[in-house]
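A.B. asks: heads up, no residue letters with this:
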Ligand SMILES: Nc1ncnc2c1ncn2[C@@H]1O[C@H](COP(=O)(O)OP(=O)(O)OP(=O)(O)O)[C@@H](O)[C@H]1O
Ligand SMILES: [Mg+2]
């Protein structure tokens with residue numbers, strides 16, 4: 001038993017999985033805190049979700065005492081501790097038996113069992129740090145403890161991960177922490193795809209943040225797709241840390257995809273086209289084959305109308321052409337001519353070799369981002385699906401892949417997945433449903449989980465809930481997730497970087513309060529080690545530049 005163990009109180013009521021304990025005077029118990037209850041040889045773990053003062057006063061006494069207080073006078077309460085005390089309400093989340101076995105609560109503690117603070121040994125028994133994807137520390141209130149929380153990547157990723165918070169809640173930081181874990185895992189175990197439209201991932205975006213390029217593992221594990229390079233090459237990323245100059249040499253690929261590689265399905269799955277417009281895309285595909293997009297883009301609407309046998313209304317042709325033009329953008333990413341490189345092939349290759357593929361497209365419009373997301377996800381999923389069916393032995397050796405989807409509600413909302421009363425699948429809903437079989441997972445990042453289609457929330461078994469103060473959002477997540485009952489008050493009160501995590505595939509079957517690692521801290525720790533420095537407060541890193549070699 002730990003020496004600093006704090007006696008918090010005594011159980012005064014038990015009902016089902018709910019317990020109420022009298023809080024010792026002078027002790028601070030916080031909402032969300034994990035506590036333990038010793039009952040003989042069994043130990044219960046509970047999460048505090050609320051508070052309720054108990055007062056055994058008569059109405060006349062309340063009137064007398066409050067009146068004296070209003071007048072600013074001292075109000076004597078006779079037998080105070082016997083008639084008035086604070087209680088905390090908690091839910092039982094786990095039970096540790098005599099043999100140290102931890103499982104869901106099957107019993108409940110007896111009245112007057114003692115409630116105590118958790119020590120490191122108790123936390124270790126909860127098996128919160130048995131995985132290889134380290135995400136943060138167990139938290140008590142706003143304070144991080146010394147116990148780590150990690151996910152079991154190969155089990156959690158194929159069952160998908162939902163990351164949600166309001167803006168500025170810490171989603172991108174969590175994404176970087178995830179990417180760092182993937183980069184440092186043994187080669188070939190995992191791969192991750194990130195499409196970054198804010199340029200936050202590569203170098204951190206501004207001098208006060210760090211990016212994936214700062215990590216020691218970037219040279220061997222990062223595959224950087226960017227318009228800043230025009231050929232397949234390695235870029236040199238140089239930066240200073242505590243007076244030392246460091247260089248990473250990172251594999252880079254130009255961000256370019258030829259029109260001839262795009263398929264009508266890629267456009268349809270963005271959800272931007274109406275059924276008649278989709279029919280037109282298919283008609284063009286059947287009529288013109290590989291040249292369908294070129295013809296749609298470059299041929300005059302009147303001519304198309306006649307060429308396609310007058311089977312499509314002129315207005316549909318005009319609107320579809322306009323949408324295609326907007327989606328393909330200024331032709332810098334999606335190119336009309338054949339490209340010298342084959343991004344899709346290289347990207348799938350990088351995924352198969354266990355890289356973090358970072359696609360940096362800061363100037364992308366929402367439509368372009370959607371198209372690229374669909375193109376990438378479809379090709380990677382198709383590859384894994386085909387490999388499993390046609391070369392199962394090779395497929396087994398492939399890394400488990402996680403596809404990160406920012407603004408996931410755009411693809412997975414009720415309105416995106418339903419059209420005229422029928423369900424309309426896209427690659428993300430397909431992966432959500434069937435990806436597990438192929439070891440393809442989604443990491444859905446959203447500010448608006450309330451918009452997500454309910455089956456999607458249920459299918460994302462690992463949930464990382466960062467600050468989420470709006471009711472439609474947190475109540476939807478709570479409603480469709482196990483282990484989150486009674487967590488609403490805490491979710492509302494989280495600060496940035498603080499989370500509640502549930503991950504049944506990782507064995508985390510209750511809402512664990514976590515302080516997510518600051519990405520910069522992880523990388524600074526790594527840099528200190530790389531440079532052989534003692535742990536000292538680190539000075540800011542300054543980005544010096546990017547050079548191709
Ligand atoms: N766990 C953490 N520890 C310390 N700082 C953090 C943590 N999480 C986030 N931050 C900081 O909070 C700020 C906002 O975080 P971040 O950009 O990750 O939020 P976000 O949810 O992605 O926001 P947006 O919705 O705008 O994309 C950043 O400066 C980030 O460094
Ligand atoms: Mg963000």
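C.D. replies: Yes, it's here. Values in this document were obtained by computation on a predicted structure and should not be read as measured data. Ligands and ions are numbered 1, 2, ... in the order given.

A.B. asks: make it CA atoms for all contacts and neighbour counts henceforth
C.D. replies: Will do.

A.B. asks: Where do the helices of the stretch 201-350 of the chain begin and end?
C.D. replies: 218-221, 264-268, 275-288, 292-298, 301-307, 314-328, 343-352 (DSSP state H, counting those that start in this stretch).

A.B. asks: Which residues are in contact with residue 441?
C.D. replies: Applying CA atoms under 8 Å, 6 or more residues apart in numbering to residue 441 gives the contacts 157, 158, 159, 160, 161, 400, 401, 402, 403, 431, 432, 435.

A.B. asks: Tell me the bridge partners for it.
C.D. replies: residue 402 (DSSP bridges).

A.B. asks: Distance-wise, check it relative to residue 149.
C.D. replies: 21 Å (CA to CA, to the nearest Å).

A.B. asks: contacting residues for residue 393?
C.D. replies: Per CA under 8 Å, 6+ apart, neighbours of residue 393: none.

A.B. asks: so where does the closest residue to residue 28 other than its chain neighbours fall, helix or strand?
C.D. replies: Leaving aside its chain neighbours, residue 28 sits nearest to residue 8 (7.9 Å; criterion: CA to CA, 6 or more residues apart in numbering). Here residue 8 sits within strand 7-15, counting by DSSP states H and E.

A.B. asks: Within its sheet, name the partner strands of that strand and how each one runs.
C.D. replies: With DSSP bridges as the test, strand 7-15 is paired with strand 18-23 (antiparallel), strand 114-117 (antiparallel).

A.B. asks: The residue nearest to residue 28 against residue 26, yeah?
C.D. replies: No: here residue 8 does not reach residue 26: they are 9.4 Å apart, not a contact under CA atoms under 8 Å.

A.B. asks: give me the number of residues near the nearest residue to residue 188 once chain neighbours are set aside?
C.D. replies: Of all residues not flanking residue 188 in the chain, residue 354 sits nearest, at 4.3 Å (CA to CA, 6+ apart). When neighbours are counted by other CA atoms under 10 Å, residue 354 registers 25.

A.B. asks: wouldn't residue 377 be in contact with residue 403 here?
C.D. replies: Yes: in this structure, residue 377 is within contact of residue 403 by CA under 8 Å, at 7.2 Å.

A.B. asks: which of these two has more neighbours?
C.D. replies: Between residue 377 and residue 403, counted using other CA under 10 Å, the more crowded position is residue 403 (26 against 22).

A.B. asks: so where's this structure uncertain?
C.D. replies: 1-5, 534-549 (pLDDT under 70).

A.B. asks: Can you tell me which residues in it are near ligand 1?
C.D. replies: 165-173, 496-497, 516-518 (CA under 6 Å from any ligand atom).

A.B. asks: how about 8 Å then?
C.D. replies: Those residues of the chain that sit near ligand 1, judged by CA under 8 Å from any ligand atom, are 136, 164-175, 208-209, 446-447, 496-498, 515-520.

A.B. asks: Now tabulate the helices of the stretch 201-350 of the chain in TSV and tack on mean neighbour count.
C.D. replies: Shown next, in TSV, are those (neighbours: other CA atoms under 10 Å):
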stretch	mean neighbour count
helix 218-221	22
helix 264-268	19
helix 275-288	17
helix 292-298	17
helix 301-307	15
helix 314-328	17
helix 343-352	18
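
A.B. asks: As TSV, these with distance to residue 182 would be great.
C.D. replies: Below are these laid out as TSV (distance: least, CA to CA, whole Å):
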stretch	distance to residue 182
helix 218-221	9
helix 264-268	28
helix 275-288	38
helix 292-298	37
helix 301-307	48
helix 314-328	31
helix 343-352	12
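
A.B. asks: sorry, back to before: surely the residue nearest to residue 188 meets residue 190?
C.D. replies: Yes: between residue 354 and residue 190 there is a contact under CA under 8 Å: 5.3 Å.

A.B. asks: Give the residues shared as contacts by the two.
C.D. replies: Counting by CA under 8 Å, 6+ apart, the contacts common to residue 354 and residue 190 are residue 399.

A.B. asks: The stretch 401-549 of the chain: helices as residue ranges?
C.D. replies: Under DSSP H, counting those that start in this stretch, the stretch 401-549 of the chain gives helices at 409-412, 414-417, 427-438, 454-459, 471-479, 488-493, 519-531.

A.B. asks: Deepest-packed of these, please.
C.D. replies: Highest mean neighbour count among those (mean count of other CA atoms under 10 Å): helix 409-412, with a mean of 23.

A.B. asks: How far away from the center of its chain is that helix?
C.D. replies: Distance of helix 409-412 from its chain centroid, counting by CA atoms, centre = their mean, to the nearest Å, is 14 Å.

A.B. asks: what's the answer for stretch 175-183, then?
C.D. replies: 11 Å.
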